[in-house]
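Q: Let me see the structure of the following:
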Amino acid sequence: MSNENIDRADAIFRNASATGELQSSFESLGNELRLRSLALRGSNLEHDPELDRSDLARYFASVSNRLSDVFARLRYLHWTEQKLIPEDSDQSQSTWAMFSSLGIKDFHADVASTMDSIAPVIIGSTIGLRGKDIRDLPRFARISDHSNSRNRKELPTDITVIIDSANQWWPAVKTIRDSVIHREHDRIIFGKLGDPLEFQIYDKSKKPLMIDPRLLVSRAHNVVDFKTYSAYVIGNLWILLDDIASVIGAHLGISVDRATPSFRWGSWEHISEGLVDIAG
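A: Below you'll find the predicted structure:
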């Protein structure tokens, strides 16, 4: 995450922590498309392909639903910890190590699922989904700078610049995701129940996979604080979605600033605090 993106994400989540409202340009644009699609129902324009964007609205909703899974995963981890702390036993400590390790794995799966769901939004908003892509929706890899697909080649430059900005953080996170889902690895949880959740993931040669110095706990070599790490991932993802919304809104002829506002309600302190830790 660049210093600029750290500052942007920090400002967004700091404000959300103060108000309880997390505003999303991406989800506002999706809401606007959904409302316009609903307005077309029953009119003689309902099946006009130039106006009917109901499929695109669905793709936006898919991103929002998967993003909800990411936030729910964090809340579930916190809820589980709070339920186990009063027990204060060896069994509760063992249970927390098992559940938190599973939660970290699933967090990566949820983030990867969210990233993949972005591709149909981008393609559908710019060059349009065609042929088999309509039946088997493309994933994020199909539009990355490593892809030779027709979709990647035909995408407008203003959107590929935004896609490629994810190279600052997504490849490293995807490597972790691929390891915990598909490859031989070890997930180690450090510390006690009630202390900061610290962890590391090792490949089959026992090499630590998470080595970004911004994410390592200063008092321990190659150990990562999950609060800082999850804030790093979510902050980057949120900025990516905001930037995507600004560009594709222009392609759709919709001003993001004038789109139907969208807010998420909740407690966002854990993400804000993690971003502060990264900024130092």
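
Q: where exactly do the helices run in the stretch 151-280 of the chain?
A: Remark: helices assigned in the stretch 151-280 of the chain by DSSP state H, counting those that start in this stretch are 157-165, 170-182, 226-252, 269-279.

Q: Could you give the backbone dihedrals for residue 23?
A: Backbone geometry at residue 23, expressed as degrees, to the nearest 10, gives phi -90, psi 140.

Q: my read: it touches residue 259, true?
A: No. Contact criterion CB atoms under 8 Å: residue 23 and residue 259 do not qualify, at 11.2 Å. The C-beta positions use only the backbone N, C-alpha and C, and glycine is treated the same way.

Q: out of those two, which sits in the busier spot?
A: residue 259 (22 against 15; other CB atoms under 10 Å).

Q: Look up how far residue 165 lies from that one.
A: Remark: distance between residue 259 and residue 165 (CB to CB, to the nearest Å) = 22 Å.

Q: Just the C-alpha atoms of stretch 98-105, please, in PDB.
A: Taking C-alpha atoms only, stretch 98-105 is exported to PDB below (Å, rounded to 0.1, in the frame of the first residue of the first chain):
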ATOM      1  CA  MET A  98      -7.800 -23.800  16.300                       C
ATOM      2  CA  PHE A  99     -10.600 -21.300  15.400                       C
ATOM      3  CA  SER A 100      -8.400 -18.300  14.800                       C
ATOM      4  CA  SER A 101      -6.200 -20.400  12.500                       C
ATOM      5  CA  LEU A 102      -9.300 -21.400  10.500                       C
ATOM      6  CA  GLY A 103     -10.500 -17.800  10.500                       C
ATOM      7  CA  ILE A 104      -7.300 -16.600   9.000                       C
ATOM      8  CA  LYS A 105      -7.500 -19.200   6.200                       C
END
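
Q: Let me see the mean pLDDT of that stretch.
A: Here stretch 98-105 scores 96 as its mean pLDDT.

Q: Can you give me the buried ones in that stretch?
A: Neighbour counts over stretch 98-105 (16 or more other CB atoms under 10 Å) mark 99-101, 103-105 as buried.

Q: Could you do stretch 136-154 as well?
A: Those would be 137-140, 142-144, 147, 151-152, for stretch 136-154 by 16+ other CB under 10 Å.

Q: if we can go back for a sec, ranking the helices of the stretch 151-280 of the chain by mean neighbour count, which comes first?
A: Per residue and on average, the most neighbours among the helices of the stretch 151-280 of the chain fall to helix 226-252, with a mean of 22 (mean count of other CB atoms under 10 Å).

Q: Tell me how far that helix lies from the chain's centre.
A: How far helix 226-252 lies from its chain's middle: 7 Å, per CA atoms, centre = their mean, to the nearest Å.

Q: which of the residues in the lowest-mean-pLDDT helix or strand in the chain are buried?
A: Scoring the helices and strands of the chain by mean pLDDT, DSSP states H and E places helix 132-135 at the bottom, with a mean of 86. For helix 132-135, burial by neighbour count (16+ other CB under 10 Å) applies to residue 133.

Q: what's next to that helix, contact-wise?
A: Residues outside helix 132-135 that contact it (CB atoms under 8 Å, 6 or more residues apart in numbering) are 120, 123, 151.

Q: mind redoing it with 7 Å?
A: With CB atoms under 7 Å, 6 or more residues apart in numbering as the test, helix 132-135 has contacts from residue 123.

Q: Just the CA atoms of that helix, as CSV, please.
A: Only the C-alpha atoms of helix 132-135 are listed here, as CSV (Å, rounded to 0.1, in the frame of the first residue of the first chain):
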residue,chain,number,x,y,z
LYS,A,132,-18.9,-18.0,-22.6
ASP,A,133,-18.0,-15.2,-20.1
ILE,A,134,-21.7,-14.7,-19.6
ARG,A,135,-22.2,-18.3,-18.5
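
Q: now the helices of the stretch 151-280 of the chain as a markdown table including distance to residue 193 and mean pLDDT?
A: Putting those into a markdown table (distance: least, CB to CB, whole Å; pLDDT from 0 to 100) gives the following:
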| stretch | distance to residue 193 | mean pLDDT |
| --- | --- | --- |
| helix 157-165 | 38 | 97 |
| helix 170-182 | 22 | 94 |
| helix 226-252 | 14 | 96 |
| helix 269-279 | 17 | 89 |
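
Q: out of the ones you listed, which comes closest to residue 67?
A: Proximity to residue 67 (CB to CB) singles out helix 226-252 among those, at 7.7 Å.
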